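Q: this one's structure only:
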């Protein structure tokens with residue numbers, strides 16, 4: 001075999017390795033994107049490089065595999081759904097208390113499912129593996145909750161916080177916590193805004209005058 005042939009074979013082998021490595025990297029990246037959805041872009045934005053972000057996401061997957069996650073029995077799901085319906089129904093009269101109760105209920109559900117709850121960032125990391133598509137709601141709700149504790153959140157902010165909490169809560173619960181036939185959903189709620197509204201007072205129409213009561217000219 002001539003030196004030229006040896007060089008061609010070596011170059012071809014190197015190209016095969018490079019192409020195979022590229023395909024492998026693209027495949028792993030695509031798998032991370034499918035699994036983490038919007039959390040993939042969130043991780044890339046928070047890290048110095050895409051490689052660092054992808055290593056972090058793979059580490060989250062490894063830690064998640066070590067958890068002992070527990071499916072909720074039907075009785076627990078019903079109990080949580082009932083408690084959520086009460087929180088939602090009480091929003092009109094006590095929005096601050098309702099948002100606080102929603103935060104506590106979501107945290108309790110996270111813990112019962114088997115996720116860590118001691119550290120907020122750790123919660124986000126482990127939840128992102130299976131609940132990435134509703135995790136932005138949890139971030140937004142948490143931010144509004146902190147603003148509320150500083151006295152900086154208005155009623156509409158609190159309404160949005162409860163809607164955000166409900167998105168993750170339903171995802172963790174595996175079902176919508178308030179069915180359409182339940183009272184909390186009938187109190188002026190809609191699919192896009194599931195919280196009850198204060199009833200608006202409509203003035204009664206003035207009684208119509210009979211011909212004999214009409215003033216004479």
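A: That came through fine. All values derive from a computational prediction rather than experimental measurement. Numbering: from 1, shown residues only.
Q: okay, CA-based contacts and neighbour counts for the rest of this
A: Fine.
Q: distance of residue 65 from residue 126?
A: Residue 65 sits at a distance of 10 Å from residue 126 (criterion: Cα to Cα, to the nearest Å).
Q: neighbour count: these two, which is higher?
A: Taking neighbours as other Cα atoms under 10 Å, residue 65 and residue 126 compare with residue 126 leading, 23 against 12.
Q: so which elements touch whichever strand or helix holds that one?
A: Residue 126 belongs to helix 120-149 when elements are defined using DSSP states H and E. Counting by 3 or more Cα pairs under 8 Å, 6 or more residues apart in numbering; DSSP states H and E, the packing neighbours recorded for helix 120-149 are helix 3-36, helix 38-46, helix 50-65, helix 95-113, helix 155-173.
Q: off-centre distance for it?
A: Chain-centre distance of helix 120-149: 7 Å, with Cα atoms, centre = their mean, to the nearest Å.
Q: same check, this time on stretch 97-112
A: Worked out by Cα atoms, centre = their mean, stretch 97-112 lies 13 Å from the chain centre.
Q: list the buried residues in that stretch.
A: Within stretch 97-112, the residues that count as buried by 16 or more other Cα atoms under 10 Å are 98-103, 105-107, 109-112.
Q: where does pLDDT dip in the chain?
A: Applying pLDDT under 70 to the chain flags residues 5-6, 8, 10, 16-26, 178-217.
Q: switch the cut-off to 50
A: By pLDDT under 50, the low-scoring segments of the chain are 180-192, 198-212, 214-217.
Q: let's check: the centremost residue of it is which one?
A: residue 134 (2.6 Å; Cα atoms, centre = their mean).
Q: residue contacts, that one?
A: Taking Cα atoms under 8 Å, 6 or more residues apart in numbering as the criterion, residue 134 is in contact with 167-168, 171.
Q: ok, and the most crowded of those?
A: When the contacts of residue 134 are compared by neighbour count (other Cα under 10 Å), residue 168 ends up highest, at 23 neighbours.
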